[in-house]
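**Student:** build the 3D model from these lines:
(one chain, ligands or ions: 3)
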Amino acid sequence: MREAHTVDTVRRAEGALMARLPEGALMRRAAAGLAAVAARMLPRVYGARVALLVGGGDNGGDALYAGATLARRGAAVRAVPAGPRVHEAGLAALRAAGGRLVGAEEAEGEISAADLVIDGLVGIGGRGGLRASHAVLAGYATRSGAPVLAVDLPSGVDADTGAVEGEAVHADVTVTFGTHKPGLFVDPGAGHAGVVEFVDIGLGPELPAPRLCAPRADDIAALLPRPGVESDKYRRGVLAVAAGSGRYRGAAVLAVGGALRAGVGMVRYIGQESVAAEVIRHWPEAVASVLEPTDPAGRLPTHVGAWVIGPGRGLHPAAEVELETVLAGDRPVLVDADAITLLGRRPHLVRDRTAPTLLTPHAGELARLLPGTERDDIEARRLEHATRAAEEYGCTVLLKGSTTVIAEPGAPAVANPTGTPLLATAGSGDVLSGLSGALLAGGLTPGAAAMCGAFLHGLAGRLAHDGAPVSASDLIGAIPAAVRLVEEAGGRR
Ligand SMILES: NC(=O)C1=CN([C@@H]2O[C@H](COP(=O)(O)OP(=O)(O)OC[C@H]3O[C@@H](n4cnc5c(N)ncnc54)[C@H](OP(=O)(O)O)[C@@H]3O)[C@@H](O)[C@H]2O)[C@@H](O)CC1
Ligand SMILES: Nc1ncnc2c1ncn2[C@@H]1O[C@H](COP(=O)(O)OP(=O)(O)O)[C@@H](O)[C@H]1O
Ligand SMILES: [K+]
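**Tutor:** Ligands and ions are numbered 1, 2, ... in the order given. Presented below is the predicted three-dimensional model:
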C-alpha cells in the first residue's frame with residue numbers, strides 16, 4: 001500500500017526527525033534522491049542542459065542542490081528564479097559547481113532549450129493558486145516540450161487535496177520525499193504528477209496513520225475471497241441484485257454480469273418478469289425471483305448474503321419502499337444510482353442503519369446526498385467531499401469519477417490507482433456495483449469490497465482496451481483477466 005500524509009503531519013514528522021540530525025541533512029538526502037532520478041531522465045548527464053525553476057523556499061533549495069550535483073557531472077545547469085528570494089546555501093552550492101542564475105529576460109529561452117526542466121517553484125509550502133510570476137514559469141515549462149521533473153509535488157497542486165487553482169506544472173515524473181502527499185493520487189492533482197517516485201529520507205518511524213492509501217495489486221490479492229475445500233455456493237456468498245426496470249433492462253444484465261464474473265456463490269436477480277427474462281437470457285447461471293413493481297416489498301428474498309440496489313431501478317414509490325425494506329435488514333448493502341437519489345430524500349435510511357453499507361455515487365449523485373454542494377465543487381475537491389459524506393452518513397462511500405476515492409469514518413481514505421477514462425461509458429457503473437457487491441457477499445467489509453472492486457474494474461478497462469473503444473459489456477468480459485493479474489501479483493498462481 002502506498003501511503004500519503006497531509007502537510008501538517010509531514011511538518012511534525014520532519015520536525016521530530018530534524019531535531020536528531022545535523023542541520024541540512026534532510027535536504028541533502030532529498031536532493032541526492034532528486035539528482036539520481038534527474039540523471040536517469042537524461043540520455044547522458046555530461047553536456048545536458050538543465051533548467052531549474054526556483055521558488056523562494058526549501059523546494060527551490062532541493063532543486064538547487066540537485067542542480068549542483070548534475071553540474072558537477074558536467075551538465076549545463078541554469079537556475080530561473082521566480083522572485084527575488086532564493087535558497088542561499090543552495091545557490092552557493094550550484095555556483096560552486098559551475099551552474100548559474102539567469103535573469104528574467106533569459107528565462108523562456110533557457111527553459112525551451114533545456115533537455116530537462118526541474119520544477120522547484122513550490123512544494124508543501126504552497127498555498128492557493130500559483131502567483132503570476134510562478135505561473136509564467138510553469139507555462140514556459142509546459143510549452144518547452146522537455147521532460148519535466150517535479151520536486152516533491154507539481155507546483156500549483158494542493159498537497160492535501162489534489163485541487164488545482166489556475167496554472168499548475170504538468171510533470172512527467174514527480175519525486176516525493178519522506179511520504180507521498182494525498183494530492184499526488186487524487187485528480188486533478190494526480191493528472192499533473194506523472195510517474196511518482198518515492199525518496200526515503202528516514203521519515204517513516206515518525207509518521208502516524210496515513211490520510212490516504214493507494215493499493216497495489218498484491219494488497220488486492222491479499223483481500224480477494226477465494227473458495228476453500230469446504231465451500232459451497234451458499235458459503236461463498238449469495239448476492240441479491242435489485243437493479244433494472246422496464247425502461248433500463250441493461251442495468252440489470254450488466255450488474256448481474258459484473259457480479260458473476262467476480263466470483264460469487266450465487267446471484268439472485270430480483271425484478272419484474274420481462275427484465276428477469278432478459279437477465280436469464282444473458283446469464284443462465286443467475287437465479288431470478290420475479291417481483292413486479294406493484295408487489296409488496298415484504299416478498300423480497302431473505303436468505304441472501306448481501307444486496308446491490310439501485311442501478312436503473314427508477315424513482316417510483318415502489319422502488320422507495322423496496323429500498324426502505326432492504327436497508328431495514330441486517331445484510332450488507334451496496335446502494336447505487338437511483339437508490340442514491342432516493343436516499344438523498346430520506347438520508348435517515350442509512351444514517352439510522354448499523355449493518356454494513358456502501359454508497360457508490362458519481363459526483364452528481366453525491367451532490368444529492370450533500371445538499372448545498374455542487375457537482376463541480378465535488379469534482380474539484382473529491383477527497384474532502386467523499387470524507388464528509390462518509391462521516392455524515394456513517395458508512396463507506398465510493399465516489400466514482402476520474403479518480404475513484406473511497407472514504408470511511410475514522411479510517412484513511414483510499415484512492416484507486418487503476419482508473420482510466422476508458423471506463424467513462426454508459427453502464428460501466430452498473431458493472432462496478434455488481435462486481436463490488438459480489439465481493440461484499442463474499443465476506444469483504446464495505447471498504448475492502450469497494451477498494452478491490454474499483455481496482456479490478458479499472459484493470460478490466462485497461463485489459464479490455466486493445467486500441468478500440470471499450471463498452472460496459474467488454475468490461476465484464478475482462479474481469480477474470482483482471483483477477484488473474486492481481487492473483488499473479490500476489491503470488492497466488
Ligand atoms: N522540511 C523539511 O524537512 C524538508 C523539506 N523539503 C523540501 O522543502 C519543501 C517545503 O519547503 P518550504 O516549507 O520552504 O515551502 P515551499 O514548498 O518551498 O514553499 C514556500 C515558498 O513558496 C512561496 N509560495 C507559497 N505559496 C505560493 C503560491 N501559491 N505561489 C507562489 N509562491 C508561493 C512562499 O512565499 P511566501 O509566502 O513566503 O512569500 C515561499 O517562498 C518540501 O516540499 C520539500 O521540497 C526537503 O528538502 C526534505 C526536507
Ligand atoms: N474520467 C474518468 N477516468 C476514470 N474513470 C472514470 C472517468 N469517468 C468515469 N469513470 C468511471 O466510469 C464509471 C462510470 O460509472 P457511472 O457514472 O455510474 O456510469 P453509468 O451509470 O453509466 O454506469 C465509474 O466507475 C467511474 O469511476
Ligand atoms: K515543486
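
**Student:** residue 363 and residue 403 touch, don't they?
**Tutor:** No. At 11.1 Å, residue 363 does not count as touching residue 403 under the criterion of C-beta atoms under 8 Å. Yep, even glycine has a C-beta here, placed from its N, CA and C like the rest.

**Student:** list residues touching both of the two?
**Tutor:** Taking C-beta atoms under 8 Å, 6 or more residues apart in numbering as the criterion, residue 363 and residue 403 both touch residue 382.

**Student:** list the buried ones in stretch 350-360?
**Tutor:** 350, 353, 356, 357, 358, 359, 360 (16 or more other C-beta atoms under 10 Å).

**Student:** and stretch 306-313, does that touch ligand 2?
**Tutor:** No. Stretch 306-313 lies out of reach of ligand 2 by C-beta under 6 Å from any ligand atom, never closer than 6.9 Å.

**Student:** tell me the average confidence for that stretch?
**Tutor:** Here stretch 306-313 scores 98 as its mean pLDDT.

**Student:** how about stretch 389-409?
**Tutor:** Averaged across stretch 389-409, the pLDDT comes to 97.

**Student:** what comes up buried for that stretch?
**Tutor:** The neighbour-count criterion (16+ other C-beta under 10 Å) identifies 389-390, 393, 395-408 as the buried residues of stretch 389-409.

**Student:** before we move on, what about stretch 175-189?
**Tutor:** 175-189.

**Student:** right, is that stretch up against ligand 1?
**Tutor:** Yes. Using C-beta under 6 Å from any ligand atom, stretch 175-189 reaches ligand 1 at residue 177.

**Student:** now residue 294: phi and psi?
**Tutor:** phi -90, psi -10 (degrees, to the nearest 10).

**Student:** lowest-pLDDT helix or strand in this structure?
**Tutor:** Lowest on mean pLDDT, DSSP states H and E among the helices and strands of the chain sits helix 233-236, with a mean of 78.

**Student:** on the C-terminal side of it, identify the next helix or strand.
**Tutor:** Next in sequence after helix 233-236, counting helices and strands by DSSP states H and E, comes strand 238-242.

**Student:** let me see the mean pLDDT of the helix or strand following that next one.
**Tutor:** Downstream of strand 238-242, the next assigned helix or strand under DSSP H and E is helix 249-262. The pLDDT scores in helix 249-262 average 97.

**Student:** quick check: angle from helix 249-262 to strand 238-242?
**Tutor:** Here the directions of helix 249-262 and strand 238-242 differ by 170 degrees (axes from the mean of the first three to the mean of the last three C-alpha atoms, to 10 degrees).

**Student:** contacting residues for residue 28?
**Tutor:** For residue 28, the contact set (C-beta under 8 Å, 6+ apart) comprises residue 65.

**Student:** sorry, slip of the keys, the one I care about is residue 334.
**Tutor:** Neighbouring residues of residue 334 by C-beta under 8 Å, 6+ apart: 306-309, 358-360, 433, 436-437, 440, 446, 449.

**Student:** isn't residue 375 up against residue 363?
**Tutor:** Yes. Look at residue 375 against residue 363 with C-beta under 8 Å: they come within range, at 4.8 Å.

**Student:** the two: which is more packed in?
**Tutor:** A count of neighbours by other C-beta atoms under 10 Å puts residue 363 above the other of residue 375 and residue 363, at 21 against 15.

**Student:** re earlier: list the buried ones in the least confident helix or strand of the chain?
**Tutor:** Judged by neighbour count (16+ other C-beta under 10 Å), helix 233-236 contains these buried residues: residue 236.

**Student:** could you export it as PDB, CA atoms only?
**Tutor:** Extracted in PDB, the C-alpha atoms of helix 233-236 (Å, rounded to 0.1, in the frame of the first residue of the first chain):
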ATOM      1  CA  LYS A 233     -22.400 -21.900  -3.200                       C
ATOM      2  CA  TYR A 234     -24.100 -20.600  -0.100                       C
ATOM      3  CA  ARG A 235     -20.900 -20.200   1.900                       C
ATOM      4  CA  ARG A 236     -19.200 -18.500  -1.000                       C
END
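
**Student:** name the residues that touch it?
**Tutor:** 225, 227, 263, 264, 265, 266, 442.

**Student:** make it 10 Å
**Tutor:** For helix 233-236, contacts defined as C-beta atoms under 10 Å, 6 or more residues apart in numbering pick out 225-228, 263-266, 287, 303, 305, 438, 441-443.
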